[in-house]
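how would this look folded up:
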Amino acid sequence: MTVESRPTVYIETYGCQMNVSDSELMYGRLEENGYTPVGGPEGADVILVNTCAIRDHAEQRVIGRLGELKRFMGRDTVLGVTGCMAQRLGPALLDRARHVQLVVGPDGYRALPALIDGARRGERVANVTFDLEEHYEDFHARRFDGVRAWIPVQRGCDYKCTYCIVPMTRGPERSRTLADVEREARAVAEQGITEITLLGQTVNSYRNGEHDFADLLRCVGRVPGIRRLRFTSPHPNDFTDRAIAAMADTPTLCEHVHLPMQSGSSRTLKRMLRRYTRETYFECVERIRAAIPGVALTTDIIVGFPGETDDEFEDTLSAVRDIGFDDAFTFRFSLRDGTPATRLPESLTVPDHVAADRLDRLVALVREGTRARNLSMLGTRHEVLIEKAARRGGLLQGRTRQHRTVLVAGDESLIGRYFTVELTGTTGSTFTGTMTSAGQPLPLAG
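Presented below is the predicted three-dimensional model:
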């Protein structure tokens with residue numbers, strides 16, 4: 001069979017880096033089973049929408065997109081929904097969107113080729129069974145990016161924060177073997193990819209047999225060819241002394257930690273079941289900063305959680321000021337069916353207009369702090385990995401080891417190379433820079 005006669009598949013991805021990684025696994029699985037990946041839904045024989053369920057807005061966006069995709073479907077096109085929203089809604093999604101034939105949760109991707117074959121025969125199936133042994137260790141991901149690679153080291157979550165749907169959509173926490181993670185990291189390096197991000201819902205709680213997160217960092221950090229190592233997303237409670245020591249002792253580990261805070265109020269954190277207090281979060285920040293000078297800290301923050309008072313919100317604002325985050329992802333609370341937060345008294349609900357005002361104030365404060373820190377960095381020089389063409393014409397986009405985005409002039413032949421860049425300007429959130437020297441040229445994957 002020629003490449004031209006092979007059936008085609010398009011996967012549209014929403015949500016977090018774990019979903020991006022899962023889409024790469026699905027593409028790899030289907031390519032090995034005779035499919036050709038394509039870059040858009042037009043004319044694709046199979047269209048899969050890989051979904052997020054973390055907020056209601058994300059799900060509503062997907063429902064709308066499923067309606068739009070009807071216009072790309074021929075008589076024999078197979079349309080499927082995968083990922084967290086598929087897991088959460090299950091067979092109900094087949095009733096809600098009658099043109100959808102497949103609903104497949106995050107543990108069901110091994111069966112995709114057979115499920116698609118069944119859909120072609122007219123079957124409509126929801127495969128949303130958890131498989132606590134599934135890590136897709138024999139899958140060969142078809143990576144989107146020739147510069148960076150996402151490597152899942154853990155699936156699921158045991159924390160059960162009251163607002164979070166992840167334990168219901170990803171199942172209990174389980175970790176891959178250290179040997180298999182190392183094998184994948186070596187394969188990535190052999191492709192010429194030099195930056196790895198280790199993925200997990202609470203990645204620093206990684207433990208498999210006798211190995212913990214500290215062992216994982218040291219092992220992957222010394223893989224030949226890997227120049228930068230990152231991880232996301234950790235939980236503040238799992239930064240043991242061993243883990244922080246490994247972070248400090250691993251030269252390839254980048255000086256950036258995304259440390260979700262969610263709230264600066266101990267009372268709100270207790271209702272969220274985050275299992276730490278404002279004080280212990282601050283202590284975690286201090287330990288990381290003491291071990292890794294110059295580390296950049298980013299975070300996640302939710303406003304409008306049930307019961308959040310004006311004083312509790314002010315605690316969040318003061319935490320942002322006192323810690324001095326380099327940036328933050330900020331959200332209004334979104335109630336998700338099935339989470340423990342649905343059992344909180346309705347009287348605790350924060351009115352929409354109050355939550356919206358709090359989010360506006362928080363965003364303004366975060367932007368103010370980010371801009372001030374970025375302005376103070378103008379004129380300094382940093383190692384930048386050029387990742388891709390920027391949206392602005394004629395510019396390239398790269399990142400520093402501290403995960404700051406930098407735009408520089410150049411053509412696409414520079415993608416995948418490291419440069420020393422002087423920061424010359426900032427929009428408040430990103431930098432512009434001038435290359436002063438190049439590191440060793442690095443081959444691109446594939």
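
immediately after the longest helix along the chain, which helix or strand?
As assigned by DSSP state H, the longest helix anywhere in the chain is helix 352-376. Using DSSP states H and E, the helix or strand that follows helix 352-376 in sequence is strand 381-389.

List the buried residues of the longest helix of the chain.
355, 358-359, 362, 365-366, 369-370, 373-374 (16 or more other Cβ atoms under 10 Å). C-beta: built from backbone N, CA, C; applies to glycine.

want to throw those residues into a markdown table with pLDDT and distance to R170?
Shown next, in a markdown table, are the buried residues of helix 352-376 (pLDDT from 0 to 100; distance: Cβ to Cβ, whole Å):
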| residue | pLDDT | distance to R170 |
| --- | --- | --- |
| A355 | 98 | 26 |
| R358 | 98 | 29 |
| L359 | 98 | 26 |
| L362 | 98 | 27 |
| L365 | 98 | 32 |
| V366 | 98 | 28 |
| G369 | 97 | 32 |
| T370 | 97 | 31 |
| R373 | 96 | 34 |
| N374 | 96 | 35 |
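
show me where this structure has helices.
17-32, 56-68, 84-89, 91-96, 112-120, 166-170, 178-190, 213-221, 241-249, 266-272, 278-291, 310-323, 352-376.

In terms of secondary structure, what does the fourth one contact?
Put plainly, it is helix 91-96. Counting contacts by 3 or more Cβ pairs under 8 Å, 6 or more residues apart in numbering; DSSP states H and E, helix 91-96 packs against helix 84-89, strand 102-104, strand 125-127.

and what of the third one?
Helices and strands in packing contact with helix 84-89 are listed as strand 46-51, helix 56-68, helix 91-96, strand 102-104, helix 166-170; criterion 3+ Cβ pairs under 8 Å, 6+ apart.

According to the record, where do the domains of this structure fall?
3-127, 148-376, 381-438 (automatic domain parsing).

looking at these, which is closest to E134?
domain 3-127 (4.8 Å; Cβ to Cβ).

N127 and P106 touch, don't they?
No - using Cβ atoms under 8 Å, N127 is not in contact with P106; the gap is 10.6 Å.

which one of the two has more residues nearby?
P106 (25 against 21; other Cβ atoms under 10 Å).

Now do the same contact list for the more buried one.
22, 82-84, 87, 155, 169-171 (Cβ atoms under 8 Å, 6 or more residues apart in numbering).

how near is it to P152?
To P152, P106 is 10 Å away according to Cβ to Cβ, to the nearest Å.

for L378, same thing?
Counting by Cβ to Cβ, the gap from L378 to P152 is 37 Å.

which one of those two has more residues nearby?
Set L378 next to P152 and count neighbours by other Cβ under 10 Å: P152 wins out with 24 against 14.

For the more buried one, list each beta-bridge partner.
Beta bridges link P152 to L199 when assigned by DSSP bridges.

quick one, what contacts it?
Taking Cβ under 8 Å, 6+ apart as the test, what P152 contacts is 18, 21, 135, 176, 199-200.

cool, I244 as well?
Counted by Cβ under 8 Å, 6+ apart, I244 has contacts 287-288, 291-292.

Number of residues surrounding the nearest residue to T202 once chain neighbours are set aside?
Excluding its sequence neighbours, the residue lying closest to T202 (Cβ to Cβ, 6 or more residues apart in numbering) is H235, at 4.1 Å. Using other Cβ under 10 Å, H235 is surrounded by 21 other residues.

State the distance from H235 to Y159.
Distance from H235 to Y159, by Cβ to Cβ: 7 Å.

out of the buried residues of helix 352-376, who's nearest D322?
For these, the nearest to D322 is G369 (10.7 Å; Cβ to Cβ).

Roughly how far does that closest one sit from Q402?
G369 sits 15 Å away from Q402, going by Cβ to Cβ.

just to revisit the earlier point, would you turn the contacts of P152 into TSV with pLDDT and neighbour count?
Output for those, formatted as TSV (pLDDT from 0 to 100; neighbours: other Cβ atoms under 10 Å):
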residue	pLDDT	neighbour count
M18	94	23
S21	96	21
H135	92	19
R176	96	20
L199	98	22
G200	97	26
